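**Student:** please find the sequence and the predicted model below.
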Amino acid sequence: MTAAPEGGPSAGQPNAGQYWDPVRYRAEAGFVATLGLPVVEWLAPVPGERVLDLGCGEGALTAKLAALGCVVTGVDASPDQIAIARAEGLDAHVVDGHALSFESEFDAVFSNAALHWMKRDPGAVVAGVARALKPGGRFVAEMGGDGNVATLRGALHAELRAREVDPAPVDPWYFPTPAAYEAHLAAAGFEVTRMEHFARPTSLPGDVLGWLATFAECFTNALPATDRAAALEAVRARVEADLRDPATGGWQADYVRLRLAARKVG
Ligand code: BEZ
């Protein structure tokens, strides 16, 4: 096995190796914000309250929270996504979720489909969320939970191993069990008010190759550029029997969610 290339997640950079192409993201991942609407319901936003949207991406749900009357700040590690959010008139900033510097400013922190990219030190992320909240403030979030995209992840790992690359150091995803995330929350001074861990099979807007191109760059970038297209075709072949409906030809990814609401004690 060859060593992970410099720039994998272990390099300490936020999602090094993963580029968020805004046009591709809109085409392949528009469902992320739509399927995040139940998390907005869990937040039960109150007009006028200050909300931090952690990992806001291009700001689809930030805009939704603003439309519901919240005073929202969005943060994300991707400069390209933040540029789009700002062009939409949102208060959005390039910030690594591991390094939140807000102090007792927000009534709530909201996060959809972002925390699983903050793998380097999840405890530091949760501690930063706690610091950002006013006493009694709430943290409402959804992320990939234990078992998320297991078929896709397993195929990516198998394909890299078949090409003599160790996938472990370049795997960017953190999909915790409820108990593991609850431990981070408790350590940061949160009381969990609600937590659910559930399968949510997710229909993809197109071919699984589009999903892989959008979300799995950390894996493919570990391969020589000339091998990448063939590797993705091979991953597609590995998952086809499990994730493609032979009748319709449609693809469904094996998403598992961890949804939570917690209150900062004190
Ligand atoms: C997720 O939202 O669970 C997810 C999306 C892409 C890659 C990994 C996880």
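**Tutor:** Ah, there it is.

**Student:** chain neighbours aside, what residue packs nearest to A130?
**Tutor:** Of all residues not flanking A130 in the chain, A188 sits nearest, at 4.1 Å (C-beta to C-beta, 6 or more residues apart in numbering). Every residue, glycine included, has its C-beta placed from N, CA and C.

**Student:** and A253, by the same measure?
**Tutor:** Of all residues not flanking A253 in the chain, T202 sits nearest, at 4.9 Å (C-beta to C-beta, 6+ apart).

**Student:** G206 against G30, yeah?
**Tutor:** No - under the criterion of C-beta atoms under 8 Å, G206 makes no contact with G30, lying 10.9 Å away.

**Student:** show me what the residue in the stretch 101-250 of the chain that the ligand sits nearest to is bridged to.
**Tutor:** Minimum separation of the stretch 101-250 of the chain from the ligand (C-beta to the nearest ligand atom) falls at G144, amounting to 3.3 Å. Taking DSSP bridges as the rule, G144 bridges to R257.

**Student:** count of neighbours near A87?
**Tutor:** Here the number of neighbours of A87 (other C-beta atoms under 10 Å) works out to 11.

**Student:** how close does it sit to D80?
**Tutor:** Look at A87 and D80: by C-beta to C-beta, to the nearest Å, they are 11 Å apart.

**Student:** still on that earlier bit, check contacts around the residue of the stretch 101-250 of the chain closest to the ligand.
**Tutor:** 113, 116, 173-175, 255-258 (C-beta atoms under 8 Å, 6 or more residues apart in numbering).

**Student:** show me what contacts the residue nearest the centre of the chain?
**Tutor:** Central residue of the chain (C-alpha atoms, centre = their mean): A114, 2.6 Å from the mean position. Applying C-beta under 8 Å, 6+ apart to A114 gives the contacts 54-57, 76, 97, 143.

**Student:** equivalent analysis for V109, please.
**Tutor:** V109 neighbours (C-beta under 8 Å, 6+ apart): 51-52, 54, 129, 132-133, 137-141.

**Student:** mind listing the helices for this protein?
**Tutor:** Using DSSP state H, the helices of the chain run over 22-29, 31-34, 37-43, 60-67, 79-87, 122-132, 150-162, 178-187, 208-215, 217-220, 228-243.

**Student:** got JSON lines for those helices, with distance to V265 and mean pLDDT too?
**Tutor:** Shown next, in JSON lines, are the helices of the chain (distance: least, C-beta to C-beta, whole Å; pLDDT from 0 to 100):
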{"stretch": "helix 22-29", "distance to V265": "35", "mean pLDDT": "75"}
{"stretch": "helix 31-34", "distance to V265": "31", "mean pLDDT": "83"}
{"stretch": "helix 37-43", "distance to V265": "19", "mean pLDDT": "96"}
{"stretch": "helix 60-67", "distance to V265": "24", "mean pLDDT": "96"}
{"stretch": "helix 79-87", "distance to V265": "31", "mean pLDDT": "95"}
{"stretch": "helix 122-132", "distance to V265": "9", "mean pLDDT": "98"}
{"stretch": "helix 150-162", "distance to V265": "34", "mean pLDDT": "98"}
{"stretch": "helix 178-187", "distance to V265": "10", "mean pLDDT": "98"}
{"stretch": "helix 208-215", "distance to V265": "35", "mean pLDDT": "95"}
{"stretch": "helix 217-220", "distance to V265": "36", "mean pLDDT": "96"}
{"stretch": "helix 228-243", "distance to V265": "42", "mean pLDDT": "98"}
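
**Student:** dump the residue contacts of H197.
**Tutor:** Applying C-beta under 8 Å, 6+ apart, the residues near H197 are 145-146, 177-178, 256-259.

**Student:** D166: which of those is nearest?
**Tutor:** D146 (22.0 Å; C-beta to C-beta).

**Student:** please list the residues of the chain that sit near the ligand.
**Tutor:** Within the chain, the residues that sit near the ligand (C-beta under 6 Å from any ligand atom) are 113, 116, 144, 148-149, 173, 215, 255.

**Student:** swap in 5 Å and give it another go.
**Tutor:** 113, 144, 148, 215 (C-beta under 5 Å from any ligand atom).

**Student:** lovely, talk soon.
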